[in-house]
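>>> Pasting the sequence and the predicted coordinates here, then a few questions.
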Amino acid sequence: MKTIIYLLQKEFRQIFRDKSIMAIILVVPVMQLIILPLAANYEVRNINLSIVDHDHSSYSRQLISKITASGYFRLRDYSNSYQEAFKSIESDRSDLILEIPYGFEKTLVSESEDKLFIAVNAINGAKANLGGAYLNNIIRQYNMDVRLQWITPPRINPMPIVTVSSSNWFNPYLNYRLFMVPGILAFLVTMVGGYLCALNIVREKEIGTIEQINVTPIKKHHFILGKLIPFWIIGLVVFTLGMLVSYLVYGIVPAGSLLLLYGFIAVYLLAVLGFGLLISTFCETQQQAMFIAFFFVMIFILMGGLFTSIDSMPGWGKAIASLNPVSYMIDVMRMVVLKGSGFADISGHLLKVVCFAVVLNGWAILNYRKTS
Amino acid sequence: MKQFFTFVRKEFYHVLRDRKTLLVLFGLPIVQILIFGFALTNEVKNARVMVLDEAHDGASQELIAEVDASRYFEVDRNIRSAGEIEKTFKEGAVKIAIVIPQGFQGALLHENQGNIQVIADATDPNTATTLTNYLTGIVMDYQDRVNQGAQLPYRIVPEMRMLYNPQLKGVHNFVPGVMALVLMLVCVMMTAISIVREKESGTMEVLLVSPFKPILVILSKAMPYLILSLVNVTTIILLSIFVLDLPVNGSVVLLFAESTLFIITCLAIGLLISVRAKTQQTAMLISMMGMMLPTILFSGFMFPIENMPKVLQYISNIVPSKWFYIIVKSIMIKGLGFQSIWKESCILFGIALFMTVVSLKNFKIRLA
């Protein structure tokens, strides 16, 4: 016990002495938590629209003003031909072309049907999909308005109609930041804990001070614990800082129990730190540790459901995601903070993270050799 | 000249010796392309839906069967009370619920009006919107079937075409982004760290006192990374052609020329960082925070720039990878020629020139 206390003293001194580490702990998470959610806004709004209006009728004008009034679209330019509008797409000035054919109003009235041509720049598939759906909705509504001008609606619908009313729970205003902030916080804690821990031991190896520890009677598990505990505390500090920032800046208060969150993150940090330790036992230089940690963290984050949902991944993607501790953390953060899920809801996640913690740390201890 | 090649060879030994880092450098683009190409989609497939059927009549059964049969949804469970919806949402696996009220069929057939409620777990707003849209679409199809194809008068039929990417795949957005990211990683980080390491271990001093010109020391340091990066660009292009079925629509030569320009910019930035930093950790920190993060944030491949606050949009203009991303996207996917991207190329060239001049000016032949 006494040995560990001395080791902890040594580690904390080293950490507090190093300004760059202090910057990683204090400044970087706060900065990222403020900038990232501002940037990671996948709301589809401000879709730039080019209009080719061959008709110039009152109907076409009504339709256009209806589209621009919706708030989703921004009118970029009127073109005389499709080719001209296509140039705007090529130069990224606009995302969507709406072409209204010649005689649109007349054909619609006389033949009871007419077409509109829409071309979407689909390089960004998700945006194109939602943008197209919005435009279709607006056109459908406008269609109903037109119909009402010509037919007086009977008291009872002439044919069966199903009305769908939809509601959005937990996030009624569809605020994207509510969704991103807890996820980003999970990612930050992972980054800070994993990197610092991985780099720390390797640094001792590179400088050569690890030899001095190896020749002392300090036991393997003492040494590993001495490395784990400081970063575990730092991880919790970063998390607390992050929760404060998300409350002060975004007004996010966890709907669920704070105690539950802390309990989960305490276990999760052990898993992450174990992973960092494992990397450090495999590497000789900081450069190696850095790149290998970066490689895995990148995969963890991408496959963790931070940006795209795990549900839409193919089978092998889901399999990798289930071996990815970060995905459990992100999921739990969102469940507890946004929906107020309780212990019973996350107990499955907790069990898996405990397994990760045990396996990764055990492996790291086995792999750490006092003699080279 | 011979001296120069000897130095380049020395640098190559340095790089090739470190197998683990090398593995990451070549593995990263491959893994990223595979992940981005196959795992990350926004496509909805077999989303689980829960059903609260209070009607229990022919029409409601039919509608539920229709939802289950579509490729977007599968009915996960039938629930009995509205209270269960919240409970199930909290467990997290099911993200949408459909509620069919009592007497649905009767209302639909006699009053010609049926009402259905769709409740989405909107913690993820985009998924919620997409799921609701698809579910509404299925109900509309059902309605058309009930009407047996009788058409409403005065119909406006929108005909939609998806340009460049008709299947709405994610790769079109990601491949150019991965390219920018990997080049940034190899050139900026590797260069910065490896020069600082020579400083840290003291071998830089040895190099600088040799009769070899200091500027050539730096140039020879940059050579292996230039070649590594070009290899990576080639890998990414080959992978995207043969694995992702995403051909290069424009000129390959132009693509390589622009990549080289971007690589030179990155090397200059890496050099600048190495001149400033004293320890490897500082160099890593600066290149992570100063270059990697802005690349991921502001190049526009992960985060939509047009949704950002104005201040961030202005900042994004000084990030070289943003311009490179636009260039690659134009050449690879849109198949445009140089006349459409000369503006972006000029900006990139300007940044490259500026960075090179600044970093060479800052480079000191004395260490202390």
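It's in. Residues are numbered from 1 along each chain as shown, chains lettered A, B, ... in the order given.

>>> The residue nearest to B:Tyr325 when sequence neighbours are not counted and chain A, how far apart?
In space, and not counting its chain neighbours, B:Tyr325 is closest to B:Ser299: 4.3 Å by C-beta to C-beta, 6 or more residues apart in numbering or on different chains. The way it works is simple: take the backbone N, C-alpha and C, and place the C-beta from them, glycine included. Distance, B:Ser299 to chain A, by C-beta to the nearest C-beta, to the nearest Å: 11 Å.

>>> got it, and B:Arg71?
Separation of B:Arg71 from chain A (C-beta to the nearest C-beta) stands at 12 Å.

>>> any idea whether that residue is helix, strand or coil?
Following DSSP: H, G, I helix; E, B strand; the rest coil, we place B:Arg71 in the coil state.

>>> helix/strand/coil for the closest residue to it other than its chain neighbours?
Once flanking residues are discounted, B:Arg71 sits nearest to B:Lys45: 6.6 Å by C-beta to C-beta, 6+ apart. Three-state call for B:Lys45 (three-state DSSP): coil.

>>> shouldn't B:Lys45 be in contact with B:Ser70?
No: between B:Lys45 and B:Ser70 there is no contact under C-beta atoms under 8 Å: 10.4 Å.

>>> Counting neighbours, go ahead and name the busier of these two.
B:Ser70 (16 against 13; other C-beta atoms under 10 Å in any protein chain shown).

>>> so what's the more buried one up against?
Contact analysis of B:Ser70 by C-beta atoms under 8 Å, 6 or more residues apart in numbering or on different chains lists B:Tyr134, B:Ile138.

>>> buried ones in the one helix or strand A:Gln83 maps to?
Per DSSP states H and E, A:Gln83 falls inside helix A:82-90. By neighbour count with 16 or more other C-beta atoms under 10 Å in any protein chain shown, helix A:82-90 contains the buried residues A:Ala85, A:Phe86, A:Ser88, A:Ile89, A:Glu90.

>>> nearest residue to the closest residue to chain B within the stretch 201-350 of chain A other than its sequence neighbours?
Residue nearest to chain B within the stretch 201-350 of chain A (C-beta to the nearest C-beta): A:Gly317, separated by 3.7 Å. Leaving out its chain neighbours, the residue that sits closest to A:Gly317 by C-beta to C-beta, 6+ apart is B:Ala39, at 3.7 Å.

>>> I'd like to know how many residues surround the one you found.
So B:Ala39, with other C-beta under 10 Å, has 21 neighbours.

>>> ok, now how distant is it from A:Ser322?
According to C-beta to C-beta, to the nearest Å, B:Ala39 and A:Ser322 sit 13 Å apart.

>>> swap in A:Gly263?
The spacing between A:Gly263 and A:Ser322, counted by C-beta to C-beta, is 22 Å.

>>> With B:Ala222 instead?
As for B:Ala222, its distance to A:Ser322 is 42 Å (criterion: C-beta to C-beta).

>>> And those two? Which one has more around it.
Set B:Ala222 next to A:Ser322 and count neighbours by other C-beta under 10 Å: B:Ala222 wins out with 21 against 12.

>>> Can you give me every residue that contacts that one?
B:Ala222 sits next to B:Thr191, B:Leu267, B:Leu271 when contact means C-beta under 8 Å, 6+ apart.

>>> Sort out which of those are in helices and list them.
B:Thr191, B:Leu267, B:Leu271 (DSSP state H).

>>> Who wins on neighbours among the residues you listed?
Sorting those by how many neighbours each has (other C-beta under 10 Å) puts B:Leu267 first, at 29 neighbours.

>>> coming back round to it: wait, the residue nearest to A:Gly317 sits on A:Met303?
Yes: look at B:Ala39 against A:Met303 with C-beta under 8 Å: they come within range, at 6.3 Å.

>>> Run through the helices of the stretch 51-200 of chain B in chain order.
For the stretch 51-200 of chain B, the helices defined by DSSP state H, counting those that start in this stretch occupy B:58-69, B:83-91, B:104-110, B:125-146, B:171-184, B:191-201.

>>> List the contacts of A:Ile64.
A:Ile64 neighbours (C-beta under 8 Å, 6+ apart): A:Ile51, A:Asp53, A:Leu75, A:Leu98.

>>> ok so the third one is a helix residue?
No: residue state for A:Leu75 (three-state DSSP) corresponds to strand; a helix is not indicated.

>>> Leaving out the residues flanking it, which one is nearest to it?
A:Thr68 (5.1 Å).

>>> So what's the residue count around the one you found?
By other C-beta under 10 Å, the residues close to A:Thr68 number 15.

>>> Give the buried residues for stretch B:192-203.
Applying a neighbour-count criterion of 16+ other C-beta under 10 Å, one finds B:Ala192, B:Ile193, B:Ser194, B:Ile195, B:Val196, B:Arg197, B:Glu198, B:Lys199, B:Glu200 buried in stretch B:192-203.

>>> and it, average pLDDT?
In this model, stretch B:192-203 has a mean pLDDT of 82.

>>> Return it as PDB; C-alpha atoms alone will do.
Below are the C-alpha coordinates for stretch B:192-203, written out as PDB (Å, rounded to 0.1, in the frame of the first residue of the first chain):
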ATOM      1  CA  ALA B 192       7.200  17.000 -37.400                       C
ATOM      2  CA  ILE B 193       7.700  14.200 -34.900                       C
ATOM      3  CA  SER B 194      10.700  12.600 -36.700                       C
ATOM      4  CA  ILE B 195      12.600  15.900 -36.900                       C
ATOM      5  CA  VAL B 196      11.900  16.700 -33.300                       C
ATOM      6  CA  ARG B 197      13.000  13.200 -32.400                       C
ATOM      7  CA  GLU B 198      16.400  13.900 -33.900                       C
ATOM      8  CA  LYS B 199      16.600  17.100 -31.900                       C
ATOM      9  CA  GLU B 200      15.600  15.300 -28.700                       C
ATOM     10  CA  SER B 201      18.100  12.500 -29.200                       C
ATOM     11  CA  GLY B 202      20.800  14.900 -30.200                       C
ATOM     12  CA  THR B 203      21.600  13.500 -33.700                       C
END
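
>>> Any figure for the gap between the residue of chain A most remote from its centre and chain B?
The centre of chain A is farthest from one residue, A:Ser110, which by C-alpha atoms, centre = their mean lies 50.7 Å away. Between A:Ser110 and chain B the distance is 11 Å, computed by C-beta to the nearest C-beta.

>>> how about the helix holding A:Gln83, does it reach chain B?
Yes: judged by C-beta under 8 Å from any C-beta of the partner chain, helix A:82-90 comes into contact with chain B at A:Ile89, A:Glu90.

>>> Return the distance of that helix from the chain's centre.
Averaging C-alpha positions (C-alpha atoms, centre = their mean, to the nearest Å) puts helix A:82-90 33 Å from its chain's average.

>>> Same check on stretch A:115-126?
With C-alpha atoms, centre = their mean as the basis, stretch A:115-126 stands 25 Å off its chain's centre.

>>> so how far is A:Leu148 from the residue of the stretch 201-350 of chain A closest to chain B?
47 Å.

>>> Between those two, tell me which one has more neighbours.
The neighbour count for A:Gly317 versus A:Leu148, taken as other C-beta under 10 Å, is higher for A:Gly317 (20 against 11).

>>> Run a quick check on the more buried one versus B:Phe38, I expect a contact.
Yes: assessed by C-beta under 8 Å, A:Gly317 is found in contact with B:Phe38 at 7.0 Å.

>>> So which bits of the helix or strand harbouring A:Leu278 are buried?
Element membership of A:Leu278, judged by DSSP H and E, is helix A:258-282. By 16+ other C-beta under 10 Å, the buried positions in helix A:258-282 come out as A:260-261, A:264-265, A:267-281.

>>> now for it, which elements pack on it?
helix A:176-207, helix A:220-250, helix A:286-302, helix A:325-334, helix A:343-367 (3 or more C-beta pairs under 8 Å, 6 or more residues apart in numbering or on different chains; DSSP states H and E).
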